[in-house]
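[1] sequence first, predicted model second:
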Amino acid sequence: MADIKQITPENFDSIVNDGLPVLVDFWAPWCGPCQSLSPIVDEVADELAGKLAVAKCNVDDNQDLAMKYGVMSIPTLVVFKNGEEVDRSVGALPKARLQALLEKHL
């Protein structure tokens, strides 16, 4: 099982600057589409372990981070490389589309 980190303002920079591309899942526990996307993100994290880091950011607990990165709707998936945002997807998406989004950054 992949090591999926929980994002906080204190660990955000160290996670997104870790060397590997990082997928950050901005979500909330009350969000239905977030709940349907979560197992897909977990599967992809397992399949791409060692090539991609995955982290989840609960927007209810981390509103400042959501605002800083312009998260207006959830789920929002943001791909970071070397600490910089390189891609983004808003809304639930099928596994194949998530894989396609990530492949170009690996």
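    That came through fine.
[2] ranges for the strands of the protein?
    With DSSP state E as the criterion, the chain has strands at 4-6, 22-27, 53-58, 76-81, 84-90.
[3] who's in contact with the third one?
    Contact partners of strand 53-58, identified using C-beta atoms under 8 Å, 6 or more residues apart in numbering, comprise 2-7, 12, 15-16, 18, 20-29, 38, 41, 44-45, 48, 65-66. Glycine gets a C-beta too; all of them are placed from N, C-alpha and C.
[4] quick one: buried ones out of those?
    With neighbours counted by 16 or more other C-beta atoms under 10 Å, the contacts of strand 53-58 contain buried members at 2, 4-5, 7, 12, 15-16, 20-27, 38, 41, 44-45, 48, 65-66.
[5] tell me the centre residue of this structure?
    For the chain, the residue nearest the mean C-alpha position is Val24 (1.9 Å; C-alpha atoms, centre = their mean).
[6] distance of that one relative to Ile7?
    If you measure Val24 against Ile7 using C-beta to C-beta, to the nearest Å, the figure is 6 Å.
[7] quick check: neighbours shared by the two?
    Each of Ile15, Ala55, Lys56, Cys57 lies in contact with both Val24 and Ile7 under the rule C-beta under 8 Å, 6+ apart.
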